[in-house]
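**Q** Turn this into a structure:
(6 chains)
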6 protein chains.
Amino acid sequence: MAVSDYQLIAAWQHVLTLSRLEKGQIVTILTSTNTHPQTLSCALIAVQSLGAVVNRLDLPPVNAEKSLSRDPLAYLGTTALTGNPAAIAALKASDLVLDLMTLLFSPEQIDILESGTKILLAVEPPEILVRCLPTTEDRERVLAASALITNAKEMTVVSDAGTNLRCPLGEFPAISEYGFVDEPGRWDHWPSGFSLTWPNEGGANGTIVIDAGDILLPQKSYVSAPIVLTVKNGYAVKIDGGIGAERLAEYMETFNDPEGYAISHIGWGLQKRAYWSVLELYDKEQTIGMDAGRLQAISCFRWGPIMKQVARVQPLVTSIFPCVIALSVWTGRRSW
Amino acid sequence: MAVSDYQLIAAWQHVLTLSRLEKGQIVTILTSTNTHPQTLSCALIAVQSLGAVVNRLDLPPVNAEKSLSRDPLAYLGTTALTGNPAAIAALKASDLVLDLMTLLFSPEQIDILESGTKILLAVEPPEILVRCLPTTEDRERVLAASALITNAKEMTVVSDAGTNLRCPLGEFPAISEYGFVDEPGRWDHWPSGFSLTWPNEGGANGTIVIDAGDILLPQKSYVSAPIVLTVKNGYAVKIDGGIGAERLAEYMETFNDPEGYAISHIGWGLQKRAYWSVLELYDKEQTIGMDAGRLQAISCFRWGPIMKQVARVQPLVTSIFPCVIALSVWTGRRSW
Amino acid sequence: MAVSDYQLIAAWQHVLTLSRLEKGQIVTILTSTNTHPQTLSCALIAVQSLGAVVNRLDLPPVNAEKSLSRDPLAYLGTTALTGNPAAIAALKASDLVLDLMTLLFSPEQIDILESGTKILLAVEPPEILVRCLPTTEDRERVLAASALITNAKEMTVVSDAGTNLRCPLGEFPAISEYGFVDEPGRWDHWPSGFSLTWPNEGGANGTIVIDAGDILLPQKSYVSAPIVLTVKNGYAVKIDGGIGAERLAEYMETFNDPEGYAISHIGWGLQKRAYWSVLELYDKEQTIGMDAGRLQAISCFRWGPIMKQVARVQPLVTSIFPCVIALSVWTGRRSW
Amino acid sequence: MAVSDYQLIAAWQHVLTLSRLEKGQIVTILTSTNTHPQTLSCALIAVQSLGAVVNRLDLPPVNAEKSLSRDPLAYLGTTALTGNPAAIAALKASDLVLDLMTLLFSPEQIDILESGTKILLAVEPPEILVRCLPTTEDRERVLAASALITNAKEMTVVSDAGTNLRCPLGEFPAISEYGFVDEPGRWDHWPSGFSLTWPNEGGANGTIVIDAGDILLPQKSYVSAPIVLTVKNGYAVKIDGGIGAERLAEYMETFNDPEGYAISHIGWGLQKRAYWSVLELYDKEQTIGMDAGRLQAISCFRWGPIMKQVARVQPLVTSIFPCVIALSVWTGRRSW
Amino acid sequence: MAVSDYQLIAAWQHVLTLSRLEKGQIVTILTSTNTHPQTLSCALIAVQSLGAVVNRLDLPPVNAEKSLSRDPLAYLGTTALTGNPAAIAALKASDLVLDLMTLLFSPEQIDILESGTKILLAVEPPEILVRCLPTTEDRERVLAASALITNAKEMTVVSDAGTNLRCPLGEFPAISEYGFVDEPGRWDHWPSGFSLTWPNEGGANGTIVIDAGDILLPQKSYVSAPIVLTVKNGYAVKIDGGIGAERLAEYMETFNDPEGYAISHIGWGLQKRAYWSVLELYDKEQTIGMDAGRLQAISCFRWGPIMKQVARVQPLVTSIFPCVIALSVWTGRRSW
Amino acid sequence: MAVSDYQLIAAWQHVLTLSRLEKGQIVTILTSTNTHPQTLSCALIAVQSLGAVVNRLDLPPVNAEKSLSRDPLAYLGTTALTGNPAAIAALKASDLVLDLMTLLFSPEQIDILESGTKILLAVEPPEILVRCLPTTEDRERVLAASALITNAKEMTVVSDAGTNLRCPLGEFPAISEYGFVDEPGRWDHWPSGFSLTWPNEGGANGTIVIDAGDILLPQKSYVSAPIVLTVKNGYAVKIDGGIGAERLAEYMETFNDPEGYAISHIGWGLQKRAYWSVLELYDKEQTIGMDAGRLQAISCFRWGPIMKQVARVQPLVTSIFPCVIALSVWTGRRSW
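**A** Take a look at the predicted model:
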């Protein structure tokens, strides 16, 4: 069912209040061609209703010719912020940025966060935003999970389907996504519920089996037959399986970037209002599939402290990201 | 191909004439955010061209946060009419309501029909409306089928895939859907072609096998591997099968309502301009999939008289509905 | 300057609160082709934010071929409610009707008000709505003025330009417009600030001089040379003056209705945030000119000591003219 | 008041039927940026409802930089048809062209008409179209007037304000505009009601006084003080008067074309549903002011046979047109 | 990612320059309801920027009631040009037609091409247009492939999945699609990269196996289980396989035309910027799937000269087209 | 006539080239609710076509409740930049700002210019932009005029209507507006052609007669009877005349600011493609009337060097501005 403006405004007010937006603060809403008009118009009203100053910064679309799909996550490299000091200045001078465009994993994003600006990504359709409204209880659950990661030295992922991946940890921090931004310099994604980190550089080894029923996010579809990834020293070096594997291999080749095969972030979802079965209810181009993301899970044996440059991870995320997400939902989500 | 306004107006005039709309009568068009704008604008013109008075009653969307999808059939409980005497008064004071919003299976709908108001649901896209324009021949075919139901004491459904369901009849009437509303108090759905009833309360027992190639309506997809429903005393008590069954079970659980598992209506489709293969030609969110609904069929051995409260059936309909629809198209559609 | 959605929502919340809208009450917003989209979308949000149930009832435009202009006040006779029991039923079953269509001076409006429904007309552009937001102080000022009318037996209007009109009073009540509806069955107009009544039937006699600088509301223009109306027994029986008078006479003839020449309501405006000079700042078709209406005033001989504001001469003609236009509605509506 | 789609479709059906549109004929609707969307969408439906084939030919706007206003009549020289054989071919191969763009007085228009194609101009807003729906009685009245012109040798125009213009006739035909096109090769304008001709080339002499209250069409305003045109051998050689005359002179100079000062068509209006007072009810840019055009009138003494190339008249029409129209409404319209 | 207007205009300028558009030439853009608005607005600007004259010819949609889907290729028979001499005249009088509506395989198209007019079809979404911008290198590669066909006497298609089809050649020419129209009377499709011909009339014999992973274009989906077509004397006489084959057979029957089963064009794709994996990234109704078309391939043994009427092929193309396209991508695309 | 996108893009490219926009520079387009959509979309394309980086910064409307009209010049005080460091940072970090919102005479604007950013205001409708495209010849003519001001010690304005105003000069610089921004830190207005300065603080004395035919810009109308302003020590201390003067006085009082009566800038227009007669061809709310501004002229006797804070002038500009502009066009424009 569609969402009334009233309900979406109230949802924004809830999230902005959790994000500690204060009267007189500056909010810049980042938009582009793909921004949902109702999400934008309701955000504008909600920000003003809390007494904050609001700007909209609209950037032209880029990279259309490089990307095989229209998903905002389909190509993550240069963004409309690259070489754009005016836009960056606006974002740094803001207390809060509402990213309705998908400014993901860019060096510019890191630069902006370091200035103390908060960034909240919100690109799922209004229906999903109101269903998965974040709570302080979500935050507690995610922080508890991140504490596990922080104290671990290795994460091992196994599944009945054959996944067996060992990831030494310690070079990168645990990242906690709970759907709102309550501290300066914090980035988050509404809706969320996710604790993650990255394997030590070049350290992941083993096998990932994307089983039938797992999800490939760029394709917004459930895999119909297993795809086997062989992981050596941090990179997927082989993609085996049937015709689905062939298509995945072709898709990966189009990035023409060896770093695209590196293993990206690993973690597990903790959002109780998200469902694995949602993906088949929406048209592919209407969502980025975060119901699945919020449910992903990886079984782990040992842990350790970590640290990594997010910017470095960009190309990996582009492509391998969905595989990791997809692999183990059925084992993982029982661990809540 | 798209439909010209001219063609859609002519289609509405055809359906309104079959529905015996007369000069000076009052027609209220029920709309919401999801109403197709061309269907609305053409209905307005067609109603006025027949000399009737026309109103549009637009209601805000509800239940977005409870529903996993945007399908208007995805959540059937409270509607925008609940606790809304002004809207109900308008509908009761109308001779005919054109429901372009999907006011399905609500107590309010029954209340309105009992006042003598006719209601015609029309939410499929314009292309499907013009292809499946109803005829008086459709009406005759459906009424003949309903006479069979009326005279039966039991309906037994069997299929090569393993379905074997016994449904005692007699508590509920036969319902005839033929696409127009030619009598006071009548509800119908354009496009249609469907004769149905409900098993006696708590009486359905056996097994339903949703075979590969059958359709799950909420998911707007053909099942790829069989899903087996065990039915005991009117309720599906087990859902077995592979990953599709797992997702269906998860979907059913989200309603958090034991009545959601009750067997709903049973019957068979009789619309010759509907095709099982249409579903894979449209985007999921562009249709409610009634081509499939109009083709559904259930083989039956014995019959009997029936009677049931439609209002009671609501929660069931929400969820199990697609399964029943899906099960037996290949056996059934040869019985025309 | 344009109005932000946030500001217009807040203005609606203010007016609805003054109108004592309560949680769970039913509000129906009456709209048509000419409804301002921002006024509508903000009203929908404001009503829901106060916990009320909201409907939109949209009616097709009527009388285009009878009217010389597109002003919603240009033809007042049959409305889209005439012979429309469904629409009337919805309005009667509502606690509050927000009239964004201009349902003025119709027998149906009276009928609806008598059922206890409140009606608030709001058709000026958003800029004027927010500038002239009503206050409880407006209400007190208007009620004080109406008390004067209630106690009077005659109103005499004179001006330096030559107006000398005697109006016996007593047959009709004093009407108080202050911009919100705080009692059941009350009608008002946002923005407003106006106390008025009608001369006794057939009782007005004398001369009205519409002076240079006075306003003709249908034409949305300041008169450039005086127009003299001779009033006999309640009717304007002669229209003298230059080419402006000729055009006014032609305009009046097009109604082809002797009752069109009857004197309508008389009174004076009391809205301090309205200005005579606003009319020349807007395009004609963007407003119904209520800044002028809220300033109109009429001097009177026998009364108690009365309060009068702002321009002394301006007001007279300003308002008396719309009365002439409105005139005939009141023969029909003697049921007040 | 706005017009419902239903009413405008019915109006189009009426005009197309008067224009003898037959099943299977080809209708091309000529549109551009300024075309009224409702007029277009209703014309499309009406044409198809009569069984004809319909095309829309949309041409880009031209001459923006040469014109001081956005009125489609403000610059008449090259059009989007100039040097455009494809568009001309489409129009010549059509039985009927509905000109919703204003293709006025171009050589291309004459060329198209000579092929037998009918052209009907319709650019006034929907409200005026439905109010001034043409009738066969309109046609008879106009043809009777044109017979007077055809038999005259001279037209003399006089008015109380001082107009005294002598126009020898005989070189040009009488043109009859009655709002529909019932013969091959005929051009007309909905709404209309007008009989006209042109003075013999270089033959008009005398004085035209545009009196206070007369209308200048490009300015869409009533003149406030007389403007005196001295006419010598077919050209206005002097423009006298106050500041309005100064502005008119400046406006004329911007065309930078001596032919702009030539006297154009002369005639009188015969449309009984048109009113001189309408002009002040609309915004300037919402209409081309044809209510006035349909009422214009010129007193005439003697007559004679005529003939002239319309194409030659173009530049004149551009500029002097409004003067002639304006001059004598008050004398003329009593001659009906 | 979306495409900026600037980028799409530049892409159009590139394609129009390759198509040798010259200053002063006439371009007609053919549009209908399904035309992408950005593609249209950018084409208008690009054509004018090269000094050409531009028209837009908009035709109403047809055949909605005959087609099971909204894909513009779903029903190819009568078009909006059938019996429409005005539209045909416009197209014939144009130097270049940009077909943004899909005027495919109609006798009218052949007629227009024979007049020397060039036609360029462009209906894929903007993202695909800019990714697959044609080059002169594309042209050379396609022409080289067509030379092979021209010199061949037979084409034999085999695949590991079991395809074994023998097609005698010689009756029909080789057709070269490379994405732009650089010669009078040439038709092409942007984006493209395709060399094709037709088997001699009634000559194709053997078996086509549409393997798992192959694409059915009308359904915009990868086949999940093999479908076997038995081909006798140019016609598919049997369709075997599982439920997918059943649905395909039903889909074919709806055309109710024996010619629908004839084998259509055969050839192979040569577009290096097209990918087999793109289909699963877009919503079905957002594309016509030409990435797949540009990759299709058929292994061939012997060749020969050919010649055929394209008009004859129409009904075949309607239905069998996707099958041929789908069959052999994995063997073929390695032959570049 | 409307402007084609192609023509408006070319006009923008012309102006941006005159403004020396270079590849890789940063352009921020400032927009709000009142921005013309075609002006915006064409500016975006033109900027990108010159290789520059483009942002759009959209700010919510403010001051609606304080302003009597919707003219962007009707209230100049706080703007959407007040207390908005993020927006200011973006503008300062830009090489060029295209102001499509009207950020006039604010302290923030001065601050931004001082950072070296250029600002070009462009809010007239597209038709006026393309008619008054600036040239380098415009620049030379304006600079020559400004040299006169720079060397003068006093400006005396006289007119036949009775204006006699003495303005000592020397405290403020001469400002040259010629329609483009070819130097860092420069502000200009497209379209323009204007040389101006301000009288020494408190120095203007005498009488200004706004004659019949002169223009009041906020009202977008020609004055119909003289209005006499008595100027003492830099302030208009009396406003005399008829009803027009009364309305002007009321309008001035609504600002409730003594500084509103101060004399603002004085100068004369030099734009040869601007016309005094344009104002009566547009609807009031479609233009800010700059044709008049570009023609204004003041006769002057003696001159001198000047310097002044623009920010100081704000309140004056709000109100008196039109008077000065209006006064003397007929004397002045002959001085070119």
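
**Q** So which residues on the stretch 1-150 of chain A come close to chain E?
**A** A:32-34, A:60-72, A:74-75 (Cβ under 8 Å from any Cβ of the partner chain). Heads up, the C-betas are built off the backbone N, CA and C, glycines and all.

**Q** which regions of the stretch 201-336 of chain A sit below the pLDDT cut-off?
**A** Low-confidence segments of the stretch 201-336 of chain A, defined by pLDDT under 70: A:292-336.

**Q** Please, where are all the strands along it?
**A** A:205-210, A:215-216, A:221-222, A:227-232, A:235-241, A:266-269 (DSSP state E, counting those that start in this stretch).

**Q** do the helix or strand where residue A:98 lies and chain F meet at all?
**A** Element membership for residue A:98 (DSSP states H and E) is strand A:96-99. No. Strand A:96-99 stays clear of chain F (Cβ under 8 Å from any Cβ), getting no nearer than 9.1 Å.

**Q** Smallest gap between chain A and chain F, at which residue?
**A** Minimum separation of chain A from chain F (Cβ to the nearest Cβ) falls at residue A:90, amounting to 3.6 Å.

**Q** then the helix or strand containing that residue to PDB, C-alphas only?
**A** Assigned by DSSP H and E, residue A:90 falls within helix A:85-92. Presented in PDB, the C-alpha positions along helix A:85-92 are these (Å, rounded to 0.1, in the frame of the first residue of the first chain):
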ATOM      1  CA  PRO A  85      34.400  21.800  -4.200                       C
ATOM      2  CA  ALA A  86      31.100  23.800  -4.000                       C
ATOM      3  CA  ALA A  87      29.000  20.700  -3.300                       C
ATOM      4  CA  ILE A  88      31.500  19.400  -0.800                       C
ATOM      5  CA  ALA A  89      31.700  22.800   1.000                       C
ATOM      6  CA  ALA A  90      27.900  22.800   1.400                       C
ATOM      7  CA  LEU A  91      27.900  19.400   2.900                       C
ATOM      8  CA  LYS A  92      30.800  20.100   5.200                       C
END
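
**Q** Please see if stretch A:208-217 touches chain B.
**A** Yes. Under the criterion of Cβ under 8 Å from any Cβ, chain B is reached by stretch A:208-217 at A:212, A:213.

**Q** first to last residue in that stretch, what's the distance?
**A** In stretch A:208-217, first residue to last residue: 16 Å (Cα to Cα, to the nearest Å).

**Q** quick one: that stretch near chain E?
**A** No. Stretch A:208-217 does not reach chain E (Cβ under 8 Å from any Cβ); its nearest approach is 8.5 Å.

**Q** Just give me how far that stretch sits from the chain centre.
**A** 17 Å (Cα atoms, centre = their mean, to the nearest Å).

**Q** Give me the buried stretch members for that stretch, please.
**A** Across stretch A:208-217, burial judged by 16 or more other Cβ atoms under 10 Å in any protein chain shown covers A:208, A:209, A:210, A:211, A:212, A:213, A:214, A:215, A:216, A:217.

**Q** Go through those and say which is closest to chain C.
**A** Taking Cβ to the nearest Cβ as the measure, chain C lies nearest residue A:217 of the buried residues of stretch A:208-217, at 34.3 Å.

**Q** my guess is the closest one meets residue A:289, correct?
**A** Yes. Applying Cβ atoms under 8 Å as the test, residue A:217 and residue A:289 come out as touching, 5.0 Å apart.

**Q** what about residue A:233, how many residues close to it?
**A** 12 (other Cβ atoms under 10 Å in any protein chain shown).

**Q** contacting residues around it?
**A** A:202, A:203, A:204, A:205 (Cβ atoms under 8 Å, 6 or more residues apart in numbering or on different chains).

**Q** Apply 6 Å and report the result again.
**A** Applying Cβ atoms under 6 Å, 6 or more residues apart in numbering or on different chains to residue A:233 gives the contacts residue A:202.

**Q** Let's test this: mean pLDDT of the one helix or strand residue A:147 maps to, rounded?
**A** Assigned by DSSP H and E, residue A:147 belongs to helix A:136-150. Regarding helix A:136-150, the rounded mean pLDDT is 90.

**Q** so what secondary structure elements neighbour that helix?
**A** With contacts taken as 3 or more Cβ pairs under 6 Å, 6 or more residues apart in numbering or on different chains; DSSP states H and E, helix A:136-150 sits against strand A:175-177, strand A:194-197.

**Q** could you redo the last one with a cut-off of 8 Å?
**A** With contacts defined as 3 or more Cβ pairs under 8 Å, 6 or more residues apart in numbering or on different chains; DSSP states H and E, the packing partners of helix A:136-150 are strand A:175-177, strand A:194-197, strand A:266-269.

**Q** So what's the residue count around the closest residue to residue A:239 other than its chain neighbours?
**A** Closest residue to residue A:239 apart from its sequence neighbours, by Cβ to Cβ, 6 or more residues apart in numbering or on different chains: residue A:249 at 4.6 Å. Residues near residue A:249, counting by other Cβ under 10 Å, number 16.

**Q** surely residue A:249 meets residue A:238?
**A** No. Taking Cβ under 8 Å as the definition, residue A:249 is not a contact partner of residue A:238, at 9.2 Å.

**Q** got the residues of chain A near chain C?
**A** A:4, A:5, A:6, A:7, A:9, A:10, A:41, A:44, A:45, A:48, A:49.

**Q** Quick check: pLDDT value at the last one.
**A** At residue A:49 the predicted local confidence, pLDDT, stands at 98.

**Q** so it makes contact with residue A:13?
**A** Yes. Contact criterion Cβ under 8 Å: residue A:49 and residue A:13 qualify, at 6.4 Å.

**Q** before we move on, the earlier item: what is the nearest of the residues of chain A next to chain C to chain E?
**A** Closest approach to chain E among the residues of chain A next to chain C (Cβ to the nearest Cβ): residue A:41, at 19.2 Å.

**Q** what number of residues lie near the residue nearest to that closest one when sequence neighbours are not counted?
**A** Of all residues not flanking residue A:41 in the chain, residue C:5 sits nearest, at 6.7 Å (Cβ to Cβ, 6+ apart). Residues lying near residue C:5 (other Cβ under 10 Å) number 22.

**Q** got a list of what residue C:5 touches?
**A** A:41, A:44, A:45, C:38, C:41, C:42, C:45.

**Q** Next, find the distance separating it from residue C:38.
**A** Computed as Cβ to Cβ, to the nearest Å, the residue C:5 to residue C:38 distance reads 7 Å.

**Q** Need the buried residues of stretch A:208-217 in CSV (columns: distance to chain F).
**A** Output for those, formatted as CSV (distance: Cβ to the nearest Cβ, whole Å):
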residue, distance to chain F
A:208, 40
A:209, 45
A:210, 40
A:211, 45
A:212, 46
A:213, 43
A:214, 40
A:215, 35
A:216, 34
A:217, 30
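
**Q** need the residues of the stretch 101-250 of chain A near chain B, please.
**A** A:125, A:126, A:127, A:130, A:131, A:133, A:212, A:213, A:222, A:224.

**Q** so what's the second one up against?
**A** I take that to be residue A:126. Applying Cβ under 8 Å, 6+ apart to residue A:126 gives the contacts A:2, A:3, A:8, A:36, A:38, A:39, A:42, B:64.

**Q** Read off the pLDDT value for the residue nearest to residue A:41.
**A** We have a pLDDT of 98 for residue C:5.

**Q** Next: the one 3 residues further on.
**A** At residue C:8, the pLDDT value in this model is 98.
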